[in-house]
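Visitor: Give me the fold of what follows.
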Amino acid sequence: MRTTRAALLLTLFLPAIAVAEEVPGTGSNYGGVGLIEMRNARFRPDGVVEAGSSLRHQRRFHFINWQALPWLETTFRVAERLDGTRGAGMTTDRSFDVKLRLVAESDWAPALAIGLQDFIGTGLYSGEYVVASKRFGRWDATVGVGWGRLGTGDDFGNPLTAVSPRFEDRPRDVGQGGSINTIPFFRGEQAAVFGGLEYSLPEVWTPFGGVEGLRAKVEYSGDALRDERGGWPARTTGLRGEARSRVNYGLHWSNGWLDAGLDWVHGTDLLFRISARFDPDRVPELERLPALGPRPAAAPAPEEAVRNALRQAGFRPVAVEIVGAEARIAVAGGRQRRLAGAAGRVLRAVQPHLPGEVERLRLSWRQAGVEVARLTLPRRAMEAASRGDGSAEEVFFASTLEPVGADRFGLMAGGAGLSWGAEPQFSLLLGDPSRTVRWQAAAVVGGRWEIGQGLAIAGSLSRALVGNLADAPPSDSVLPRVRSDVARYAREGQTAIPALYGEGIRALGPDLFGRVTAGYLEPMFAGISAEVLWRPHDRPWALGVDVARVAQRDYDQQFGVRDYQVTTGHVSAYADLPWFNLYGVARAGRYLAGDWGGTVELGRRFASGIEIGGFATLTDVPFSKFGEGSFDRGIFIRIPLDVFGIETRTVAPVVVRSVTRDGGARLSVDNPLWEVTREGRSRALQDGFRDFLR
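Guide: This is a model prediction of the structure:
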């Protein structure tokens, strides 16, 4: 019977006259693109992010799926599942999957992919697979072979044992999760075939109109388990959680941004799946600004008129000098996130007041009290582009970006400036076995007073509004509890002072920056932090060193400190990579718990300005001492709010960690020099040159 099943599924790939069609994939219940529970060899368009849930009796999956590269799918998943140890009640489990395209589909050959499921996690859902998919008109056929959890159907022995007898044994220790399961890949005595068909229905008529985007699915699963009762993966016999049937059925609907599906799985359960997705590479449509006005015939008192015009445009004029054919203008503030946008708005604001003989605008762009970019902008090129006689590309190539430095122009003092704002704050905690998500929403009011010469005083006040983060169980960490007491900080710091500090940021030389910050640096630590960054404006890399001496703050996050003190710091390297707009950050040094190690961060920046990536930290803390999760890692998304049509420099960071522990924890200050200065580089100007005219 096992041989017959495999043969029937393999016949789906007998040669046939068919044309491979580009039809979008649909999501599987585990989060990635696939059939129902099994993955296929399909992928989302490059960069697409998808988040959703799959809900059924005794098991629920919540997932974030990211098409990190055209050929790489990544999935982070949190499962609410039956507690297999007790056989009753629910617990949570976190896992990470990857799928790689090996061969793209052609007219005659199927697409081929290989995947690892739950390869960073407890191993309860750990499995590997090789899968092929081929489209025949409206039909999409899939067949594959699975190992581990995906091989529990036990259709045949592991074919890789013919290569080496080592493939017979699959380590089955569940552990605390987090370690990379490098040893068990494609191992174990058993393997299973899986496959299925997906049919794209034509438009279906209903009393409410036609419905497009329906897919009918049938799947033969390689996973023979309904749940984890009986001890899987520690043992493979005597399992009480076996599925009644390995055949699953489903009907899914998909449009440009939403997926929904209803499935009958395991012969016993009805499952509902829903997810939403977006493309971070899609640049929001912005109206082209009107053409620049004519140059004035006469410009009495132009410098004062320019200062007033800059204030009305939302900038703080630091200095204005008009010398012959050049206007030197230094500005701070503004609502533009990118240098090109700030330069375009500055020239637009001062155009009616600059003397007609001025041909060049030399702009000094300030952030956090320091010059981060110096751009020479040709006035005539901007005038032509704004009329439609030129383009933003021509303005970009005609402009010159210079080193910023400690010369008179770069260090011109502009007096005091006060800025303040109010915003919501959202804290998220994963890893509590009793709850899938612990969270807290708070209102935060903050302000910054720039005194001049790069000096500033800043602080914030927060009030917790709603959430269950304060109810999380106490930390069980054996390390100094530098981060894992987050619930106690939330409980005792309902009204808190997250930060209150004095800061100095200054140019120390050409493209060389320094920062010193002292006070209550972040919600959990107070002290003094110093940093130096060398960021050549025309190079794809930067180097930095930071060091801090800090004491842990009281749980109420007001003015007291605890006994724990530590010296922490890192050497950091930042680099733009030559592929897919990727960038990397590598750090090495001492962390808040006194551990030594390194962090690697890899991210991708899209045309919209959205950044998505991940990080991992390994230190000299053993996995067993680190606790659940084994090492610190996570996913980050940085969303500039101007993608929603709001003219603002604010970027909303979202960090998702599988669990919050104390190993590998870094100090968090408000203005790290890389974040302050990164938009002043030539690469950033190139990425955002369209903003000259928007």
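
Visitor: what about the strands in the stretch 251-400 of the chain?
Guide: Using DSSP state E, counting those that start in this stretch, the strands of the stretch 251-400 of the chain run over residues 258-265, 269-278, 315-323, 326-333, 360-367, 370-378, 400-402.

Visitor: Sheet partners, orientation included, of the second one?
Guide: The strands that strand 269-278 pairs with in its sheet are strand 49-56 (antiparallel), strand 258-265 (antiparallel) (by DSSP bridges).

Visitor: thinking again about what came up before, among the strands of the stretch 251-400 of the chain, which comes closest to Ala499?
Guide: Across the strands of the stretch 251-400 of the chain, Ala499 has its closest neighbour in strand 360-367 (17.9 Å, Cβ to Cβ). For the C-beta atoms, the positions are set from N, CA and C on the backbone; glycine is no exception.

Visitor: That closest one relative to strand 370-378, how many degrees between them?
Guide: Inter-element angle recorded for strand 360-367 and strand 370-378: 160 degrees (by axes from the mean of the first three to the mean of the last three Cα atoms, to 10 degrees).

Visitor: So, low pLDDT: which residues of the stretch 151-300 of the chain?
Guide: Residue ranges of the stretch 151-300 of the chain with pLDDT under 70: 172-183, 230-231, 235.

Visitor: Do you have the helices of the stretch 301-450 of the chain handy? List them.
Guide: Along the stretch 301-450 of the chain, the stretches classed as helices by DSSP state H, counting those that start in this stretch are 302-312, 339-350, 379-387, 392-398.

Visitor: Break down the stretch 1-150 of the chain into its helices, ranges please.
Guide: Per DSSP H, counting those that start in this stretch, the stretch 1-150 of the chain carries helices over the ranges 2-10.

Visitor: okay, and for it, where does confidence drop off?
Guide: If you take pLDDT under 70 as the line, the stretch 1-150 of the chain has these spans: 1-22, 83-89, 121.

Visitor: now the strands: where do they sit in it?
Guide: Going by DSSP E, counting those that start in this stretch, the stretch 1-150 of the chain shows strands at 49-56, 59-69, 72-82, 90-103, 111-121, 127-136, 139-148.

Visitor: The ones you listed into TSV, with extra columns for mean neighbour count?
Guide: Listed next are the strands of the stretch 1-150 of the chain as TSV, based on neighbours: other Cβ atoms under 10 Å:
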stretch	mean neighbour count
strand 49-56	19
strand 59-69	22
strand 72-82	21
strand 90-103	19
strand 111-121	23
strand 127-136	23
strand 139-148	25
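
Visitor: Can you lay out the ones you listed as JSON lines showing distance to Ile329?
Guide: Output for the strands of the stretch 1-150 of the chain, formatted as JSON lines (distance: least, Cβ to Cβ, whole Å):
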{"stretch": "strand 49-56", "distance to Ile329": "39"}
{"stretch": "strand 59-69", "distance to Ile329": "41"}
{"stretch": "strand 72-82", "distance to Ile329": "45"}
{"stretch": "strand 90-103", "distance to Ile329": "49"}
{"stretch": "strand 111-121", "distance to Ile329": "51"}
{"stretch": "strand 127-136", "distance to Ile329": "58"}
{"stretch": "strand 139-148", "distance to Ile329": "59"}
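
Visitor: Between the strands paired with strand 269-278, which one is closest to Arg282.
Guide: Among the strands paired with strand 269-278, the nearest to Arg282 by Cβ to Cβ is strand 49-56 (11.4 Å).

Visitor: The closest one to strand 72-82, inter-axis angle?
Guide: Going by the same axes, to 10 degrees, strand 49-56 is angled at 30 degrees with respect to strand 72-82.

Visitor: Identify all contacting residues around strand 49-56.
Guide: Contacts to strand 49-56, defined as Cβ atoms under 8 Å, 6 or more residues apart in numbering, come from residues 27, 29-31, 44, 60-67, 259, 265, 269-280, 612, 637.

Visitor: and if we set it to 7 Å?
Guide: For strand 49-56, the surrounding residues in contact (Cβ atoms under 7 Å, 6 or more residues apart in numbering) are 27, 29, 44, 60-66, 259, 265, 269-278, 280, 612.

Visitor: Select only the buried ones of those in ChimeraX?
Guide: The following ChimeraX line selects those of the contacts of strand 49-56 that are buried, judged by 16 or more other Cβ atoms under 10 Å:
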select :27,29,44,60,61,62,63,64,65,66,259,265,269,271,273,275,277,278,280,612
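
Visitor: Name the stretch among the helices of the stretch 301-450 of the chain that sits most buried.
Guide: Most buried of these, by mean neighbour count (mean count of other Cβ atoms under 10 Å): helix 339-350, with a mean of 25.

Visitor: quick revisit: in JSON lines: the helices of the stretch 301-450 of the chain, plus mean pLDDT.
Guide: Conversion of these to JSON lines gives the following (pLDDT from 0 to 100):
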{"stretch": "helix 302-312", "mean pLDDT": "93"}
{"stretch": "helix 339-350", "mean pLDDT": "94"}
{"stretch": "helix 379-387", "mean pLDDT": "93"}
{"stretch": "helix 392-398", "mean pLDDT": "95"}
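
Visitor: Which of the ones you listed sits closest to Ser630?
Guide: helix 339-350 (41.5 Å).

Visitor: For that closest one, which helices and strands make contact with it?
Guide: Here helix 339-350 touches helix 302-312, strand 360-367, strand 370-378, helix 682-687, going by 3 or more Cβ pairs under 7 Å, 6 or more residues apart in numbering; DSSP states H and E.

Visitor: export those to TSV and tack on distance to Glu628?
Guide: Putting the helices and strands packed on helix 339-350 into TSV (distance: least, Cβ to Cβ, whole Å) gives the following:
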stretch	distance to Glu628
helix 302-312	53
strand 360-367	39
strand 370-378	41
helix 682-687	39
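
Visitor: Nearest to Ser462, out of the ones you listed?
Guide: Here strand 360-367 is closest among the helices and strands packed on helix 339-350 (Cβ to Cβ), at 24.0 Å.

Visitor: partners of that closest one in the sheet?
Guide: strand 326-333 (parallel), strand 370-378 (antiparallel).

Visitor: Quick one: mean pLDDT over the first one.
Guide: What it means is strand 326-333. If you average the pLDDT over strand 326-333, you get 92.
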